[in-house]
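Enquirer: fold the following.
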Amino acid sequence: MRERKLFFYVFCIFLFSFIIACNSHKSPVIPENENSLKNLNYTPYPPSTGNNYFAMDLYQEIRKGESNNIFFSPFSIFSALSMVAEGSKNITWNEMSCVLHLQQDNNTRWNAFLNLIRTINATDKDYKLYTANNLWLQKDFTFLADYLDIVTNYYLAELANLDFISDPEGARQIINQHVEDLTCGKITNLFPSGTINNYTRLVLTNAIYFKATWKYKFKKEETFEQDFTISTGNTMKVQMMHQKFYRQIENFYDKAKVLELPYINDEVSMFIFLPDIDKMAELESIMTIENLNSWLSARKTQNNPIVYIDLALPKFRIETKYTLNNTLSNMGMPSAFNDYLADFSGMTGFKGLYITTVVHKAFVAVDEEGTEAAAATGIVIGVNSVPPPATPFIVDHPFIFMICENSTGAILFMGKVITPTQN
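Expert: Okay, the predicted model is just below:
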């Protein structure tokens, strides 16, 4: 059971699609009464499960506009957004809790997050896996003690004061350096220049790092150049690792062959989903959390034969970066990015804050020794800086007017203006 749980955490912590391995999302229905949740079209889950649902939803959204490699950490994005959601109210909470599949009972949700983070950060393992949350607060800007207590006690977030108003560039560099340190130098410059400015009041970050050796390492002398088929008739040269062993080859709904490659101590595994050439879209169309859950449950009782496998797996290294504002809005949480609709009054006691930027960077390297992966998510919360665009109402031609008593609706005076200067 522990092995399956740890696989699920790591699989969804670092969900990736390399071109060898490996629907549509329904936006949540927002009720007319924004304080009511009973009509919302979503199912809440504990964070470990909600993260996995979010992972598959996000993958399906990202792949719509991406023809190249995909790699991200759903857990990192999920964790950072969940900390933001804790300070949201009304329609913004409704939308974010739908997208993240968050439980509505506070104590249940908080304690589940705490247990999940503690599990990931457990030190009694032969590989590296840890995560860290941070809140970077504008100094002298008041945040509610209740909100800060939630993120520090249950998300184990560390707090630090910075001066975004006077020195946004210095603050950006401090945050970026901290993220780089947490990820062993793999995630650099998380926040590009200009993403943090003097309207910033809060920055939330999550960083995650993983490094493990294979249970059965590849021999470097058996790595050599070989063709990799990108698409029919299209190939490239790669460094292909080779290894022979006995293991099961599984089947994912007749859309892919699946091979499990365990890391040391069998606590974490990489699962490779290999479709036929040019059949990736068919695999992705059924890559839902429901299908994955069913497959994982069924594989316990399946009696796939153990066969002698001659594995050829390319060494690869992927670095990605995403700005997720539009992606997350399309998934069903647009109000959080609207400077006049967003309600983060749970952070400060008043409205006026909104998400200006969600950035994510990820790294993965797979070689003969094992796998190293890192990711970080940054969310910038800003304050309204300018009034909304004005809708023109210019009375520069004849009009009718009435003067009414509002409580009764009685028309007290009525007229028409043709020439305003007429006596």
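
Enquirer: can I assume D140 sits in a strand?
Expert: No: in this structure, D140 is coil, not part of a strand, as judged by DSSP: H, G, I helix; E, B strand; the rest coil.

Enquirer: contacts only, for the residue nearest to V366 when sequence neighbours are not counted.
Expert: Leaving aside its chain neighbours, V366 sits nearest to F316 (5.4 Å; criterion: C-beta to C-beta, 6 or more residues apart in numbering). (C-beta placed from N, C-alpha, C; glycine too.) Applying C-beta atoms under 8 Å, 6 or more residues apart in numbering to F316 gives the contacts F18, V238, V364, A365, V366.

Enquirer: just the buried residues of those.
Expert: Among those, those classed as buried by neighbour count (16 or more other C-beta atoms under 10 Å) are F18, V238, V364, A365, V366.

Enquirer: what about the helices in this structure?
Expert: Secondary structure of the chain (DSSP state H): helices at 2-13, 47-63, 74-85, 90-100, 106-120, 145-153, 168-182, 280-285, 289-298, 325-331, 345-348.

Enquirer: how about TSV for the ones you listed, with distance to N206 added?
Expert: Converted to TSV, the helices of the chain look like this (distance: least, C-beta to C-beta, whole Å):
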stretch	distance to N206
helix 2-13	11
helix 47-63	12
helix 74-85	4
helix 90-100	13
helix 106-120	10
helix 145-153	11
helix 168-182	9
helix 280-285	26
helix 289-298	21
helix 325-331	15
helix 345-348	17
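
Enquirer: surely N176 and S193 touch.
Expert: No: using C-beta atoms under 8 Å, N176 is not in contact with S193, being 10.2 Å away.

Enquirer: surely N197 is in contact with S166?
Expert: No: contact status for N197 versus S166: not in contact, 11.6 Å apart, counting by C-beta under 8 Å.

Enquirer: more neighbours: those two, which one.
Expert: Neighbours per residue, other C-beta atoms under 10 Å: of N197 and S166, the larger number sits with N197, 16 against 11.

Enquirer: let me see the contact set for that one.
Expert: N197 is in contact with F164, P168, G382, counting by C-beta under 8 Å, 6+ apart.

Enquirer: give me the neighbour count for V179.
Expert: Look at V179: counted by other C-beta under 10 Å, it has 26 neighbours.

Enquirer: show me where pLDDT drops low in the chain?
Expert: Applying pLDDT under 70 to the chain flags residues 1-41, 232, 385-390, 399-403, 405, 408, 410-419, 422-423.

Enquirer: now for the residue minimising distance to the centre of it: which residues touch it?
Expert: The chain has I77 as the residue nearest its centroid, 2.9 Å off, counting by C-alpha atoms, centre = their mean. Residues in contact with I77 (C-beta under 8 Å, 6+ apart) are F54, L58, N206, L324, V358, H360, T377.

Enquirer: mind running it again at 6 Å?
Expert: Residues near I77 by C-beta atoms under 6 Å, 6 or more residues apart in numbering: H360, T377.

Enquirer: one more: Q138?
Expert: Listed by C-beta under 6 Å, 6+ apart, the contact set of Q138 reads F164, R201.

Enquirer: any idea what it is bridged to?
Expert: For Q138, the beta-bridge partners are L162 (DSSP bridges).

Enquirer: ok, it to E222 distance?
Expert: Distance, Q138 to E222, using C-beta to C-beta, to the nearest Å: 55 Å.

Enquirer: do C98 as well
Expert: Distance from C98 to E222, counting by C-beta to C-beta: 49 Å.

Enquirer: so these two - more neighbours on which side?
Expert: Taking other C-beta under 10 Å, C98 and E222 do not tie; C98 has more neighbours (23 against 13).

Enquirer: surely the more buried one is in contact with Y42?
Expert: Yes: the pair C98 / Y42 is scored as a contact, 4.3 Å apart, by C-beta atoms under 6 Å.

Enquirer: need phi/psi at N198.
Expert: Here is the backbone geometry of N198 (degrees, to the nearest 10): phi -80, psi 0.

Enquirer: and the nearest residue to it once chain neighbours are set aside, how many neighbours?
Expert: Once flanking residues are discounted, N198 sits nearest to I165: 4.8 Å by C-beta to C-beta, 6+ apart. Per other C-beta under 10 Å, the neighbour tally for I165 reads 17.

Enquirer: 57 is where my numbering starts, stick with that
Expert: Shifting the count to begin at 57 puts that one at I221.

Enquirer: isn't I221 right up against T256?
Expert: No: the pair I221 / T256 is not scored as a contact, 8.3 Å apart, by C-beta under 6 Å.

Enquirer: now do the shared contacts for the two.
Expert: Counting by C-beta under 6 Å, 6+ apart, nothing touches both I221 and T256.

Enquirer: for L317, see how far away L369 is.
Expert: Separation of L369 from L317 (C-beta to C-beta) stands at 8 Å.

Enquirer: for Q233, same thing?
Expert: Distance of Q233 to L317, computed by C-beta to C-beta: 34 Å.

Enquirer: which one's more surrounded, the two?
Expert: Counted by other C-beta under 10 Å, Q233 and L317 do not tie: L317 has more neighbours, with 20 against 13.

Enquirer: tell me how far that one lies from K377.
Expert: L317 sits 27 Å away from K377, taking C-beta to C-beta as the criterion.

Enquirer: quick revisit: which one of N232 and S249 has more residues nearby?
Expert: Shown here are N232 and S249; by other C-beta under 10 Å, N232 has more neighbours (20 against 10).

Enquirer: now do the contacts for the more buried one.
Expert: Counting by C-beta under 6 Å, 6+ apart, N232 touches N245, L246, F247.

Enquirer: would you turn these into TSV with distance to K273 and neighbour count?
Expert: TSV is the format used below for the contacts of N232 (distance: C-beta to C-beta, whole Å; neighbours: other C-beta atoms under 10 Å):
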residue	distance to K273	neighbour count
N245	33	15
L246	32	25
F247	37	23
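
Enquirer: how about the contacts made by V235?
Expert: The contact partners of V235, by C-beta under 6 Å, 6+ apart, come to I243, L246, T261, A263, A432.

Enquirer: what distance do you get for the last one to H234?
Expert: Applying C-beta to C-beta, one obtains 10 Å for the distance of A432 from H234.

Enquirer: out of the helices of the chain, nearest to D310?
Expert: helix 336-341 (9.5 Å; C-beta to C-beta).

Enquirer: helices and strands around the closest one, which ones?
Expert: Using 3 or more C-beta pairs under 6 Å, 6 or more residues apart in numbering; DSSP states H and E as the contact test, no helix or strand touches helix 336-341.

Enquirer: let's see it at 10 Å
Expert: strand 71-73, helix 103-119, strand 312-318, strand 325-330 (3 or more C-beta pairs under 10 Å, 6 or more residues apart in numbering; DSSP states H and E).
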